[in-house]
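1. Here is the input, now give the coordinates:
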Amino acid sequence: MEAVLKLRRFVEPPAPKYEKCEMCGAPMEAAHRHVVDLSNRRLICACRPCYLLFTNRGAAGGRLRSVPQRYVKLPKIDLAEIPVGVVFFIRDSATDRVKAFYPSPAGATESTVSNESWAEMTGTAPQLAALESDVEALLISKNDSWIVPVDACYELVGRIKKTWRGFDGGSDAWREINGFFASLQEAE
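-> Model prediction:
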């Protein structure tokens, strides 16, 4: 009988995996939303009730903000001065500056963007004027430009860190990157 029980694990599907909300400890499904802690610049995994608490900008003194789920395809923004294939831009409300982040196998490398460069990009895509500080990003690849939730950008960084091999990343990394951009089409 013991042998049959050991074999059962190969026949039965595994139980769904649940995570815990980092705010209240409630169980939540693997697919969940995020809240940004602006004081630490950190994403917090949140259950639906906790996520909804912070959709109001004034909640928690404005220190915590829910990450919206807005995906907007933009006209292609060409940035000749950017030497890499993927970059995302986040407006930092604390400094009132726009920062560029370059995903890499070591994480996201940060750089400040001049007000003139940002104004030029906003002129190319007027939708950027509505970009929500801290929780939305402008994501640009060689072929696409998007407004996306900031957690999507960090998902891309994680995929790159996990799969990048050698100097050019290798086929697995580029399959992940291309798959990520294909999934944006579905999210829109």
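
2. Could you chop the protein up by domain?
-> Domain segmentation of the chain under automatic domain parsing yields 10-66, 72-187.

3. For this protein, which segments count as helices?
-> With helices called from DSSP state H, the chain shows them at 2-11, 48-53, 115-124, 150-163, 170-187.

4. so which of these is the most packed in?
-> The highest mean neighbour count among the helices of the chain, using mean count of other Cβ atoms under 10 Å, belongs to helix 150-163: a mean of 18. No exception for glycine: its C-beta is placed from N, CA and C like everyone else's.

5. what's next to it, contact-wise?
-> Residues from elsewhere that reach helix 150-163 (Cβ atoms under 8 Å, 6 or more residues apart in numbering): 34, 36, 43, 67, 71, 86, 88, 90, 101, 103-108, 134-137, 139, 169-170, 172-173, 175-177, 180, 184.

6. In ChimeraX, how would I select the buried members of these?
-> Filtering those down to the buried ones (16 or more other Cβ atoms under 10 Å) takes a single ChimeraX command:
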select :34,36,43,67,71,86,88,90,101,103,108,134,135,136,137,139,169,173,176,177,180,184
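
7. can I assume Y51 is in contact with P68?
-> No - Y51 lies out of contact with P68 (Cβ atoms under 8 Å); the separation is 10.3 Å.

8. Reformat the domains of the chain as TSV; add mean pLDDT.
-> What follows is the domains of the chain, written out as TSV (pLDDT from 0 to 100):
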stretch	mean pLDDT
domain 10-66	85
domain 72-187	89
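
9. Which residues are in contact with P27?
-> Per Cβ under 8 Å, 6+ apart, neighbours of P27: 18-21, 47.

10. Same check on V113?
-> Shown in contact with V113 (Cβ under 8 Å, 6+ apart): 89, 97-100.

11. I'd like these as CSV, with neighbour count appended.
-> CSV is the format used below for the contacts of V113 (neighbours: other Cβ atoms under 10 Å):
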residue, neighbour count
F89, 23
R97, 14
V98, 23
K99, 16
A100, 21
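
12. Of these, which belong to strands?
-> Under the assignment DSSP state E, the contacts of V113 contribute 89, 97-100 to strands.
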